[in-house]
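Asker: pasting the sequence and the predicted coordinates here, then a few questions.
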Amino acid sequence: MKRDIVLLLLLSVVSISLAQEVKQKDKGEMKFETTRHDFGTFAQDTAIVTYDFVFTNTGKSPLIIHTASASCGCTVPEYTLEPIMPGCKGKIKVTYNGKGKRPGVFRKSITIHNNGKQSPVRLYIEGEMIDNTPPQPVELIQDETLYQEIYP
């Protein structure tokens, strides 16, 4: 009797693990065209730049994006709330707003949580924002007293 119960429990554990493996194979899958985008160099006065990360659901089930969050407040991801059916495309629009930020090189990450095989997925944007304000002329002030002390 004990042997039958142990055997039954063992079979239950094996069947549950196989069922979970099959479930994992049937999940949706995000296949991105690219996971990195370089905006290159752009001026600070045009500091709002956008890029669409396009992906295809290559899995067998509808793909649902739960959240998309950026590594800082200057980067905003937007995504569709509807399920992406198998074989269909979706996109994650990422906007970087550098207005009021210090010029220079930047690299930001966007983390995507979904119901697919791989979650989370990370996307990256990078670029260099340059200061385009013209340099202010420096006014030289001659101090005559100092001049006279050096050259009497």
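Answerer: All right, it came through fine. Numbering: from 1, shown residues only.

Asker: which stretches of this structure aren't confidently modelled?
Answerer: Within the chain, the stretches with pLDDT under 70 are 1-24, 133-152.

Asker: hey, where'd the helices end up in it?
Answerer: For the chain, the helices defined by DSSP state H cover 2-26, 144-150.

Asker: center of this protein, which residue is that?
Answerer: In the chain, the centroid-proximal residue (Cα atoms, centre = their mean) is residue 110; its distance is 1.9 Å.

Asker: against residue 65, how distant is it?
Answerer: For residue 110, the distance to residue 65 (Cβ to Cβ, to the nearest Å) stands at 11 Å. Placement of C-beta: from N, CA and C, glycine included.

Asker: for the two, list the residues in contact with both.
Answerer: Residues touching both residue 110 and residue 65 by Cβ atoms under 8 Å, 6 or more residues apart in numbering: residue 92.

Asker: strands of this protein, start to end?
Answerer: Secondary structure of the chain (DSSP state E): strands located at 30-32, 36-43, 48-57, 65-70, 75-79, 89-97, 104-114, 121-130.

Asker: partner strands of the fifth one, with direction?
Answerer: Strand 75-79 sits in its sheet next to strand 89-97 (antiparallel), going by DSSP bridges.

Asker: give me the residues contacting stretch 63-71.
Answerer: With Cβ under 8 Å, 6+ apart, stretch 63-71 has contacts from 28-30, 57, 76-81, 83-84, 86, 90, 92, 94, 108-116.

Asker: over to stretch 31-48?
Answerer: Stretch 31-48 is contacted from outside by 49, 51, 53-58, 94-99, 101, 103, 121-133, using Cβ under 8 Å, 6+ apart.

Asker: also stretch 98-110?
Answerer: For stretch 98-110, the external contacting residues (Cβ under 8 Å, 6+ apart) are 44, 47-49, 68-72, 74-75, 77, 92, 94, 96, 122-131.

Asker: any of those buried? List them.
Answerer: The neighbour-count test (16 or more other Cβ atoms under 10 Å) marks 44, 47, 49, 68, 70, 74-75, 77, 92, 94, 96, 123-125, 127, 129 as buried among those.
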